[in-house]
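> pasted the sequence and its predicted model underneath.
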Amino acid sequence: MSQAIPWNQGTWTNDPVDAACGVEGLRVTAREGSDAWRITSYGFVHASEHALLTRFEPESGMEVQFRLNFSHQFDQAGIFVKSDEETWVKAGVELSDGEESVGAVVTRGSSDWSLSPVPDWAGRLVTIRASRSGNALTIRARVDAEPWRLVRVAPLDSDAEVEAGPFCCAPSRADLTVEFTSWQATPADVSLHPDT
């Protein structure tokens, strides 16, 4: 059974320009230049993301929902899962080279990045689900009430102390505001693959 997580239960990794609760959820305005990345290809370390984190227990899941409304290079939002400064995952939707794409950055010392185009998701409600089960973190995503799609399976120590929650970043502009409409604790996924 899913349970809503109160917006005031989380702690920001880095304060956004503004964060305000309303009828629709939480509206967050990101700082220009905010991002999360470590080393790979670019050579820099960015740890200025706006992630609202709370404890993420083993054998549990967490979902973040937001309205997709991006317009600038690398606008991004979704779920952030953090073990420590060098071990974290950000997963969601990012505007890359003019196209909305669902994907994940998995960081274990250095970051990697995967994307899959979803141009028909623009303007719609996107839900990203992270699930801790055994030694794995499974990321799924969907738009509106369409079927879930598998985004990523990544290693995650079953004994690690982990926090997770909604995040957004605006690497290339000053006025990105993201409407987060839901933050839920859920059961862990039962299986990596749906029953056939």
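That came through fine. Numbering: from 1, shown residues only.
> show me what contacts residue 7?
By Cβ atoms under 8 Å, 6 or more residues apart in numbering, the contact set of residue 7 is 21, 25-26, 52, 183. Bear in mind the C-beta positions are built from the backbone N, C-alpha and C, glycine included.
> remind me which residues of the chain are low pLDDT?
In the predicted model, the chain carries pLDDT under 70 at residues 194-196.
> give the contact list for the residue most central in space within it.
Closest to where the C-alpha atoms of the chain average out (Cα atoms, centre = their mean) is residue 79, at 1.9 Å. Applying Cβ under 8 Å, 6+ apart to residue 79 gives the contacts 62-64, 90-92, 128-130, 139, 164-167.
> ok but it is inside a strand, no?
Yes - residue state for residue 79 (DSSP: H, G, I helix; E, B strand; the rest coil) corresponds to a strand.
> partner residues bridging it?
As for beta bridges, residue 79 partners with residue 91, residue 166 under DSSP bridges.
> same check, this time on residue 129
Beta bridges link residue 129 to residue 63, residue 140, judged by DSSP bridges.
> same check, this time on the one 4 residues further on
The residues listed as beta-bridge partners of residue 133 by DSSP bridges are residue 136.
> what number of residues lie near it?
Residues near residue 133, counting by other Cβ atoms under 10 Å, number 20.
> still on that earlier bit, give the buried subset of the contacts of residue 79 as a PyMOL selection command.
Here is the PyMOL command that selects the buried residues among these (16 or more other Cβ atoms under 10 Å):
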select buried, resi 62+63+64+90+91+92+128+129+130+139+164+165+166+167
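> and the contacts of residue 79, which is closest to residue 72?
Distance to residue 72 across the contacts of residue 79 (Cβ to Cβ) is lowest for residue 92, with 15.5 Å.
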